[in-house]
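[1] got a sequence here, can you build the structure:
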Amino acid sequence: MASPSAVRSRRRSAGQLHALASLQREIQATDRNGRRKYLRDFSQAFRDYESLLTLAQVEVELSQADVVLIGDYHALPTSQRFAARILTGLAQPGRPVVLGVETVFARDQHILDEWTRGEIDDDELRERIRFDLDWGYEWEPFRDLLATARQQAVGVYGLDCTPRDDLRKIGMRDRHAAQKIAEVARRHPNAIVVVLFGESHLAPNHIPAVLRVALPDAGIVTLLQNIDHLYWRAAGERRENVEAVRVESDVLCVFNATPLDKYESYRQCIDRWRQEAAAPDLAPTIYNLVDALARFLHIDRYAAHNGSQPVYLVDRVPEVYQRSSDEAMRKLLVRKGASDEETKEILSRIASGGSCYLPRINAIFVREFQMVGGAEEAARFVHHACRPPAPASELAASSNEEQFYARVVEHALGYFGSRLLYPARPAVRGFDLGTLSAQPQAAIAEEQWMPAAEKLGYVLGSQLYDAYVAGDLSKRYIRSLFFRKLSGPAARSTYLQIARKMRAPRGKTLA
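    Residues are numbered from 1 along each chain as shown. Here you go, the predicted structure:
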């Protein structure tokens, strides 16, 4: 005989279960990831609860925590609105509150900061963080959450990294997110750090486990929303409306929507995604080239502590601005503060190769994708990210000659990277690499030094590529060039070392 609890649950849930059956079949036909182990870890983790709670009791417990991890069902606007409510409630007593979100990549923190300071509006924020292209859920609930955070919190942070669409790499995303949360907590030692992240990431052995290692003394509470199994069990309670339950001592679950609400919202998202037709998006193409070159150079894009690697290269990839005409590109460059000289150079490179990387603001401007130009600009970014940053005073004191040689090496590595990614690019010949070092500084200071630096760099890069393919240069040596300092006298010495190697006899490995 069924227990009274089971009878109450069955009767309260019967109609909803009938509606859910066909809905879930439709969703599973499109999204087959539910059988993945990572998602099973989450669905199997929370099968029972210890006691019932009210929302008031939940808010009291959260106010005593250091980090609150809120599970987000992305397709359900109620999830984001509830997070905004929690944020507002925690900000009331006077203890600072900070918000961290999965929706924004950590690499786009500068964009989020611009919006927080009021320098850009909501529409520009939405475009530049690629919300519709990379996230795709409803904008308004997330925008409202950010607006609440701008009013109530002392900081708003993006926590995620790529790739979002590869469950084989999802463990790296969890470790990255935990590291970012720990950094935020250390930056705001007296604040409650509220984090909104996809619910599957909050299984006990996912982000929470990594975060407890990074913050061993912090009070961490996981706040789940509308977990199916807990919802159906709570439907058997005598209390007609169960607001929340305690799953474990540090895990709570609130109920602010039904399973039917959740899955219907997801089905509507799927329908919308099927119907939308967007213009070609070139940013993933650029990022793929960056990743390919990083893999060739044995660069761990997720390295957090490694002196021989860029720290979290995945967070440092450039913002990609895509415009369809020179006039639109010129307006964008003016708005980004590009000087007349920078604008002229960028438009010239775009005219010849379709894109241009601007290190000063870490951005790639693209009018149309051309493999040669895109590969070269991706290589220029990787070089810029790997080499040691030069103090502003040292850059200001660099002579024209030193700047010239720095440009030569930059162009050489850009050309090498482009040839590596696109071997069909023609070789460049015509300069004697040994003659330039004998020229006086005055000759280098002429107006034509920039075109000369590009030509000489391409010749040097062409020879580097030929020597590498022939086996005369090791990959280790090529990798080391991307990490060389190029400010001050180091630029000329690096150029001369490469030039000497290019003149060395063939037949022995130059490593």
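
[2] the helix or strand of the chain with the lowest mean pLDDT: what's the following helix or strand?
    Counting by mean pLDDT, DSSP states H and E, the chain has its least confident helix or strand at helix 441-444, which shows a mean of 48. Note on helix 441-444: by DSSP states H and E, the next helix or strand toward the C-terminus is helix 449-469.

[3] who touches Tyr321 in this structure?
    When contacts are counted by Cβ atoms under 8 Å, 6 or more residues apart in numbering, Tyr321 is found next to Leu332, Ala363, Ile364, Phe365, Val366. No exception for glycine: its C-beta is placed from N, CA and C like everyone else's.

[4] my guess is the last one meets Pro318, correct?
    Looking back up the chat, that one is Val366. No: with contact defined as Cβ atoms under 8 Å, Val366 does not reach Pro318; the gap is 10.6 Å.

[5] intersection of neighbour lists for those two?
    Ile286.

[6] leaving out sequence neighbours, find the closest residue to Asp300.
    Gln309 (5.6 Å; Cβ to Cβ, 6 or more residues apart in numbering).

[7] tell me the buried residues in stretch 71-87?
    For stretch 71-87, a neighbour-count test (16 or more other Cβ atoms under 10 Å) marks 71-84, 86-87 as buried.

[8] revised request: answer the last question for stretch 267-280.
    Arg267, Cys269.

[9] starting at the chain centroid, how far to that stretch?
    23 Å (Cα atoms, centre = their mean, to the nearest Å).

[10] put the alpha carbons of that stretch into PDB.
    Only the C-alpha atoms of stretch 267-280 are listed here, as PDB (Å, rounded to 0.1, in the frame of the first residue of the first chain):
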ATOM      1  CA  ARG A 267      11.800  23.900 -25.500                       C
ATOM      2  CA  GLN A 268      11.000  27.500 -26.400                       C
ATOM      3  CA  CYS A 269      14.700  28.300 -26.500                       C
ATOM      4  CA  ILE A 270      15.300  25.400 -28.900                       C
ATOM      5  CA  ASP A 271      12.500  26.600 -31.200                       C
ATOM      6  CA  ARG A 272      14.000  30.100 -31.200                       C
ATOM      7  CA  TRP A 273      17.500  28.900 -32.000                       C
ATOM      8  CA  ARG A 274      16.200  26.900 -34.900                       C
ATOM      9  CA  GLN A 275      14.400  29.900 -36.400                       C
ATOM     10  CA  GLU A 276      17.100  32.500 -36.000                       C
ATOM     11  CA  ALA A 277      19.500  33.100 -38.900                       C
ATOM     12  CA  ALA A 278      22.500  35.200 -38.200                       C
ATOM     13  CA  ALA A 279      25.300  36.700 -40.300                       C
ATOM     14  CA  PRO A 280      28.500  34.700 -40.400                       C
END
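
[11] tell me the mean pLDDT over it?
    In this model, stretch 267-280 carries a mean pLDDT of 74.

[12] quick one: low-confidence ranges for the stretch 251-400 of the chain?
    Scanning the stretch 251-400 of the chain for pLDDT under 70 picks out the ranges 276-279.

[13] can you map out the helices along it?
    259-275, 283-296, 326-335, 340-353, 371-386, 392-396, 400-421 (DSSP state H, counting those that start in this stretch).

[14] could I get those as a markdown table with distance to Val98?
    Shown next, in a markdown table, are the helices of the stretch 251-400 of the chain (distance: least, Cβ to Cβ, whole Å):
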| stretch | distance to Val98 |
| --- | --- |
| helix 259-275 | 28 |
| helix 283-296 | 28 |
| helix 326-335 | 30 |
| helix 340-353 | 36 |
| helix 371-386 | 27 |
| helix 392-396 | 30 |
| helix 400-421 | 38 |
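
[15] which one of those helices lies nearest to Asp217?
    Nearest to Asp217, of all the helices of the stretch 251-400 of the chain, is helix 371-386, at 33.5 Å by Cβ to Cβ.

[16] neighbouring contacts of the closest one?
    Outside helix 371-386, the residues that touch it by Cβ under 8 Å, 6+ apart are 282, 285-286, 289-290, 293-294, 297, 299, 310, 313, 316-318, 349-350, 352-357, 359, 362, 364, 366, 410, 413-418, 420-422, 425, 482-483.

[17] what's the domain layout of this structure?
    According to automatic domain parsing, the chain comprises the domains 9-274, 391-511.

[18] mean pLDDT lowest for which of those?
    Across those, domain 391-511 gives the lowest mean pLDDT, at a mean of 81.

[19] coming back round to it: wait, which of the domains of the chain is closest to Lys336?
    Proximity to Lys336 (Cβ to Cβ) singles out domain 9-274 among the domains of the chain, at 11.1 Å.

[20] before we move on, what SS does Val247 have?
    Following DSSP: H, G, I helix; E, B strand; the rest coil, the label given to Val247 is strand.
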